[in-house]
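Undergrad: A predicted structure for the sequence below; I have some questions about it.
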Amino acid sequence: MQQKKIKQFIEKIKKKIDEENKKCKKCYIQGPTGPKGEIGPTGPKGENGFSTVDVGETKTGEANTNAMVENVGTNKNAILNFTIPKGEAGDKIIIGKTETLDANARARVEDTYAENVHTLDFYIPQGFDGVNGEIGPKGEQGDPGISEKIEVINTKTVDSGQLAEVKDEFTDNTHYLTFLIPKGDKGDMGPQGLVGTAILDSYASLYEDNGNSYMLVANTPNQVELSKNSQIKNMDISFTNTVKVLNAGIYKIDYFFSSVASAQSDISIELRKENITINGTKITKKVNNQEYVWFNGSIIVSLNKDEKIDLAVSSTTNVTLTPDEDTVSYLNIIKIG
């Protein structure tokens, strides 16, 4: 059985060979490779190449054109000119505003595009607060500082219209200042004054130089002693410690009082008209135990005929006032208009 199959296979091969032989009249079977042939003769000499190559001009051509290389020299000595097209204009980018956002916000960039320009606005959240660092070590004590002093040495008045100026001369840690102050412009003329009199026609001067002590009750005015007089004209001094005006007019009144207090208190002196305090004449001072205190004042006031003027002293507590050895009190009144 096996031999039969082999015989059938051989027959198929022969049949295939016969079919192939019928397709071609001559058939060749490739043999083995022959030996290497001899080297052929040298070919003819080629043309000479460039001896030198130089770069000439490099030009920028129009956008969207082809790049070119042109030999403007010779075949032996080449000079190459390059033409390179420029690129198309790109978009421009500028930075706009930058804003800080809350720590929890998201960062973003907004791009506004117009006429080939990108405008970028940045929105950046601030960072969260960091943890407090530890307290640093105490620094070394610094060198003692040098204290500078200021001393005003002069004040000068300069012409009106000049600028005010402070000149500072610094010597030995001291600023010596000189103030230059321009005088003001001339003021307007004042109103006409009161008509004066050639001779003072009404005045009086009362005083006390060795009076009695005053035992004051709290908040109760006590008339000041004025038992003596030095000058008097057209005034009535027949009333105790009092001046009576005989002529109505404008009067200038000067007054004075001094003593030593037996305890701490607030002492006041005041000028009175008909036992009523004249506005603006009350003077108050705080004194300590056995402290000498004095008061003086001056006022211009309008008085009517027959009005009486005196001086009163008071205290906020019960206190005794002892007169000084010198003049204890005085009251001078002069008619000035």
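TA: Looks like it arrived, so ask away.
Undergrad: Can you report how many residues lie near Leu321?
TA: 26 (other CB atoms under 10 Å). Where you see a C-beta, it was placed from the backbone N, CA and C, and this is true even at glycine.
Undergrad: show me what contacts it?
TA: Taking CB atoms under 8 Å, 6 or more residues apart in numbering, we find Leu321 in contact with Ser213, Tyr214, Leu216, Ser259, Val260, Ala261, Ser262, Ile267, Val313, Ser315.
Undergrad: who's the spatially closest residue to the third one that is not a sequence neighbour bridged to?
TA: Meaning Leu216. Excluding the flanking residues, the one nearest Leu216 by CB to CB, 6 or more residues apart in numbering is Ser315, at 4.3 Å. Here Ser315 sits in beta bridges with Ile267, going by DSSP bridges.
Undergrad: What residue spans form the domains of this protein?
TA: 52-85, 92-125, 149-182, 203-335 (automatic domain parsing).
Undergrad: Pretty sure Thr178 is one of the things Lys167 touches, is it not?
TA: Yes - proximity of Lys167 to Thr178 meets the contact threshold set by CB atoms under 8 Å, at 4.3 Å.
Undergrad: quick one: common contacting residues for these two?
TA: With CB under 8 Å, 6+ apart, Lys167 and Thr178 have no common neighbours.
Undergrad: Check the domains of the chain for me and report the most buried one.
TA: The highest mean neighbour count among the domains of the chain, using mean count of other CB atoms under 10 Å, belongs to domain 203-335: a mean of 17.
Undergrad: quick one: pLDDT of Ile10?
TA: Note on Ile10: pLDDT of 68.
Undergrad: you'd agree Val109 is up against His118?
TA: No - using CB under 8 Å, Val109 is not in contact with His118; the gap is 10.3 Å.
Undergrad: Find the residues that touch each one of these two.
TA: Counting by CB under 8 Å, 6+ apart, nothing touches both Val109 and His118.
Undergrad: what ranges do the helices span in the chain?
TA: For the chain, the helices defined by DSSP state H occupy 2-23.
Undergrad: Would you mind putting the domains of the chain into a markdown table with distance to Gly133 alongside?
TA: Listed next are these as a markdown table, based on distance: least, CB to CB, whole Å:
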| stretch | distance to Gly133 |
| --- | --- |
| domain 52-85 | 59 |
| domain 92-125 | 19 |
| domain 149-182 | 39 |
| domain 203-335 | 56 |
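Undergrad: so which of the ones you listed comes closest to Pro35?
TA: domain 52-85 (44.8 Å; CB to CB).
Undergrad: Return the set of residues that bridge with Gly297.
TA: What pairs with Gly297, by the bridge criterion (DSSP bridges), is Tyr255.
Undergrad: Is it in contact with Thr281, as I believe?
TA: Yes - with contact defined as CB under 8 Å, Gly297 counts as touching Thr281 (5.8 Å).
Undergrad: Mutual contacts of those two, please.
TA: With CB under 8 Å, 6+ apart as the test, Gly297 and Thr281 both reach Tyr255, Leu271.
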